[in-house]
Every structure is written in structure tokens, then in C-alpha cells.
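# Below is the structure, and that's it, no one-letter string:
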């Protein structure tokens, strides 16, 4: 494996007496597409929030892009991109304004912003809608835009928390084309999803059950180990005994 | 990368945030009319409607004397502008009926031989029956009546050796009152400076707190917290727009006060804007603090409402601080609205300068520093 970009060691988060994330340890290599799977409530989002510096861990250690999550969360933020589960660009701004705002607060200069922004909008085929408010655009476009915005400052690593929720298979497939493109340029992609066909596209996947990592390997090896034909069956085998599932 | 470049880039990030906030505020169809209609509605309605004056008191007349002198006295009442006669009768019970039914707020009874007695002894009695359901209004009506009778007395010196006396005011003593700084006791002069404070308060407290909580609600706050933006940049970018809008509202309000209500402005405008900025910092700090402890706009709204009602009622805006119980008077010392109302009235109506208001201004400044440091301290990019 190439250089390690994420390393966690018994990383734990408790809310009162509830242990949301229970001593997870794993590593992600630079340039990987790492699938982070789990049922609802398994602790995926909590784990991502700790790795992105939005939430401080209770115990254990973790480093992201070489920085410690406790002490260097602001340095982590410079090196990562993040696109959250809840679509989180501004609906009352246009794509161009969103790009300008987020690029701006990452500290991009105005000429750089302009050039990159225009190139990006063109690449997304959003040129004609660049000045339409986001609220009027289809969800699939907004997701692609949010992904590109997360990459605007050229991070080494991007976290995608259920990036394709609520859109049709064709749109999802197109979104994954973008993910591949990004990964091929050397950016590590850390992605959570509920769609098991998407899990097949990942280099490696981990499956979280009740706050713990129940399995972690390439999709192929996981299928072999559990003697099933699809990732869907692997997931069901592992997640069915979960106590926390809704 | 040198330090200077970093500082410049840091400010540019604040600029990006400011730009975004203003875009959103001016694009919000629900918000924009509120922001710009509030000053007009508050100034026009509150300043005109919330008055202590009692216009045209309806009164019932019972003139048992029917003399030239009683006629003249009645003339004084009806031509004063304060009273309007609604009827006349000669049965005692009828007068009381009129009070009970609400047709009249006062019954003026002139007894028989009123003129004769006044001319011969220099002394006569009148009876006023006033509806005192609302004690305050009754006091105002009594005041009007005394004023009229008093001026009637003065105009009859040749005719009457001593004065006509109602109630228990001892003859020979005359009270002359004159209101300083607001000589005609124009109600709006007193009220408008206070209403301007309420105006600035609503913008500062409600809009700032709700704005940040809204980002929490829709989830965009995470997208911002995951960037390397610094706390001071975020807070400056979030609070500055409302400081600017608050001062813009104050400007509109001052123009209406001047043009619409002819409220005097004896002090310096720059002083008012300076104090308003300090005051807004107190409120913005409070708004930010509220946003850190609440998770929805509803919660933020309720908490802001709680503070603003208490602060406004105990500000001396509607009821004098002197008539509050001792503990409440002490409490008003920590009430920023009280100090700003006080300063506004003193600067606008008395022409107070910076030295005159240095004490309340210092209190506001201390509150601004305390509130902002508390709020900034509580605001976290990383939750636990």
C-alpha cells in the first residue's frame, strides 16, 4: 500500500453513556477510494465528524493527512474537502456565488477563484445555470457542484458523506465517474453510502456495525470470505445482528 | 508567506463572508420587508398611539345655578379642547348613570347659588365626578379640570375678592409647573428616542441570533466549520452585517423622527451613532451567545423574546424607573436598553455631550466587552 493518509487507533466517541463509535482502528492509503459502510445509526457520521475536525473524540488517537485530530484540527481542515450528507451549499445563492464564497473562505485569490470557478462550472456543464439560484436546480446537479466545491482548494483527501442520496441510478453512475476522475488525479476519497452497487466501486470497504468495524477488505475478498455473490449479501450478513438498526 | 500577507488574506475571508450575508439578506423575500418596514411601523404607530394624553374627555353637565358666571365657566370647559359636552340634566342620579354607561368620563356639577356665593363670600364649590376605573386617566382628567378652573380664577379678580376653590387645594398657593427640555410636554418628543432604541434592539438581537442558528438548522454551518476559517473571521463576518443594518435602521428612524415628528435634536449625531454601535455590540454578543446554546430558530426566537420583553419593560421606556420597586431599579442598572434609552433622550432632548453621558456609555462598553468575550468563548468550531 502507498503512504498512509488516515490512521485511527481505538478511536472512540461517547455521548453520555451511549458509545457511538467504539474503538475503531483502521488505515487509509493515499489515493484510495475507501468505502465506509454501515446501517443507519452505526456511527459512520460520528466517525467522519471526528476525522474532519468537527467533533472531538473521547478516546483513542487518529491522524489525518499527517495531523493529529486533537491538536491540529485546523491544519487537517486545510488538507481535506468535505461534502456532507445534508446537501450543504447555500440554496439561495447561485452556483457561481457558492463557488466564490467557499473558494474565498479557503483563501483562494480572486483571479485564481475566477479562473478555477469558470473552468469548474464548464466541466460540470453548469455554464448556462451558473446564475440560477441553487434551489431551482435538480438534486443531481447540486451534488456534483457540492463535490467540486469540496475540491476547489485542491485537498489531498475528500470526505463524502452519502453524496448520492436520493437520486436515480444514472445520476449516481455519473457522480461515480467524477469520483474515479478525482481518485485518478491522486486524491484520496473517503465515501459513505447506502448503495451496495457503489460499494463494489471502492478499492476497499469497511462495514460498521453498532459502532465497531465488523469487516474491512476489498469487495472481492469480502465476498469470498462470506461466500456470497454481492456486496449486498455481505452487508446483510454483517448488519443483520445489529442492535441499533432502525 | 509573511505575516502581513496572512493578515490581508484574513480580512479578505471576512469580506467573502460579508458579501455572502448581504446577498442572502437582500434576497430573502420574507426578511427584507420586515427589516425596512419595521422602522416605519414602529415609529408611526407606537409614537402616535402610545400616548398618555387623554383627548376630548366626554363630560356630562348638571348646572343647577344657571347664572352668567356658571355659563362662563362652562364655556371655559367646552372651548378648552380638552372636554366635549355629551349632555345635560338636572337629576343627580342621571349624572351617575352617565358615568356607569360610559357616555361620560366626568360629571361637572355646579350647585345652586354658585354665583351668588362666589360674589358675596369670594368662595364657592364645584363638584367633579370622575370615572376612576383607570386611575391614571382619572388623574389626567382632574389635572385638565384644575387647570381650567385655575385660569378661570385668575381672570375674575375684579369680580371676586378670593378665589374659587375646588377640592382641597388651599387658596393663596399657586403651583406653576414648567417642563424643561420638553417645555410643551410633547409626548412624541419623549417617546420617539425610546422607540428608536427598540428598533435597533430588534435588529441586533433577533436577526443576529437567528441567522447563525439558521445555518445550524440547514447544515451549512458544518460546511463552514470544516474550512480553515478562523473564529474571529467567522464571528466578524456574521455580526458586522447586522451592525451595519442596525445603524442603517437607526438612520432611517432618525430621519423619520426629524421630518415626521419634529423631534428636536440638540446633541451630536456622531455621538448617537457611536453609542448605538457600542450598544449593538452588546446585543450582537447576546444574539451570538443565544445562537450557541440553541439548535433551532424557534428556540432562539423564544429566548431572544424573553430577554427583550424584560429589558424593554424595565427600561424606563414606558414606565418611569423611579416608580419601580427598589430591586427592579437595581436590576435596570444591568439593562443595556435602559442605558441606551437614557442616553438617547439626554442627547436628543437635552443636547448632552460625551462627557455628560460618560457613565452610562462606560457601562454599555463594559457590557459589550463582557458579552462578546463570553459569546466568542462559547462559540466552537469543534463540538464535543
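That came through, no problem. The structure presented is a predicted model; accordingly, all values stated were derived computationally and were not measured.

# give me every residue that touches residue B:88.
B:60, B:61, B:62, B:63 (Cβ atoms under 8 Å, 6 or more residues apart in numbering or on different chains). Quick note: C-beta positions are derived from backbone N, CA and C, even for glycine.

# hey, what's it bridged with?
residue B:61 (DSSP bridges).

# Show the pLDDT at it.
Listed pLDDT for residue B:88 reads 89.

# Near chain B, which residues of chain A? Just list them.
A:52-56, A:73-75, A:77-78, A:80, A:82, A:84, A:86-93, A:97, A:100-102, A:104-107, A:133 (Cβ under 8 Å from any Cβ of the partner chain).

# counting contacts, what elements does the longest helix along chain B pack onto?
Counting by DSSP state H, the longest helix found in chain B is helix B:231-261. Contacts defined by 3 or more Cβ pairs under 8 Å, 6 or more residues apart in numbering or on different chains; DSSP states H and E place helix B:231-261 against helix B:3-27, helix B:31-41, helix B:187-202, helix B:208-218, helix B:269-293, helix B:358-378.

# Just after the fifth one, pick out the following helix or strand.
The one in question is helix B:269-293. helix B:297-313 (DSSP states H and E).

# Tell me how far that next one lies from the chain's centre.
18 Å (Cα atoms, centre = their mean, to the nearest Å).

# so residue B:356 touches residue B:346, yeah?
Yes - with contact defined as Cβ atoms under 8 Å, residue B:356 reaches residue B:346; the gap is 6.5 Å.

# between those two, which one's more packed in?
Set residue B:356 next to residue B:346 and count neighbours by other Cβ atoms under 10 Å in any protein chain shown: residue B:346 wins out with 19 against 16.

# Which of the helices or strands spans the more buried one?
With DSSP H and E as the test, residue B:346 turns up in helix B:336-350.

# what do you get for residue A:159?
strand A:157-161.

# other SSEs contacting that strand?
Short answer (3+ Cβ pairs under 8 Å, 6+ apart): strand A:157-161 packs on helix A:44-51, strand A:80-83, helix A:139-151, strand A:188-192.

# now the angle between strand A:188-192 and the longest one, please.
Taking axes from the mean of the first three to the mean of the last three Cα atoms, to 10 degrees, one finds helix A:139-151 and strand A:188-192 inclined to each other by 140 degrees.

# Same question for the first one.
Per the same axes, to 10 degrees, the angle that helix A:44-51 makes with strand A:188-192 is 150 degrees.

# From the rest of the structure, what touches helix A:44-51?
Outside helix A:44-51, the residues that reach it (Cβ under 8 Å, 6+ apart) are A:6, A:8, A:11, A:13, A:20-21, A:24, A:36-38, A:55-57, A:62, A:64, A:69, A:76, A:85, A:159, A:161, A:190, A:192, A:208.

# which of these are buried?
With neighbours counted by 16 or more other Cβ atoms under 10 Å in any protein chain shown, the contacts of helix A:44-51 contain buried members at A:6, A:8, A:11, A:13, A:20-21, A:24, A:36-38, A:55, A:57, A:62, A:64, A:69, A:76, A:85, A:159, A:161, A:190, A:192, A:208.

# Identify the residue spatially nearest to the residue in chain A that chain B sits nearest to, adjacent ones excluded.
Taking Cβ to the nearest Cβ, chain B has its nearest neighbour within chain A at residue A:104, 3.2 Å off. Closest residue to residue A:104 apart from its sequence neighbours, by Cβ to Cβ, 6 or more residues apart in numbering or on different chains: residue B:16 at 3.2 Å.

# Who are the contact partners of the one you found?
By Cβ under 8 Å, 6+ apart, the neighbours of residue B:16 are A:100, A:101, A:104, A:105, B:237.

# Check residue B:339 too.
Contacts of residue B:339 (Cβ under 8 Å, 6+ apart): B:279, B:360, B:361, B:363, B:364.
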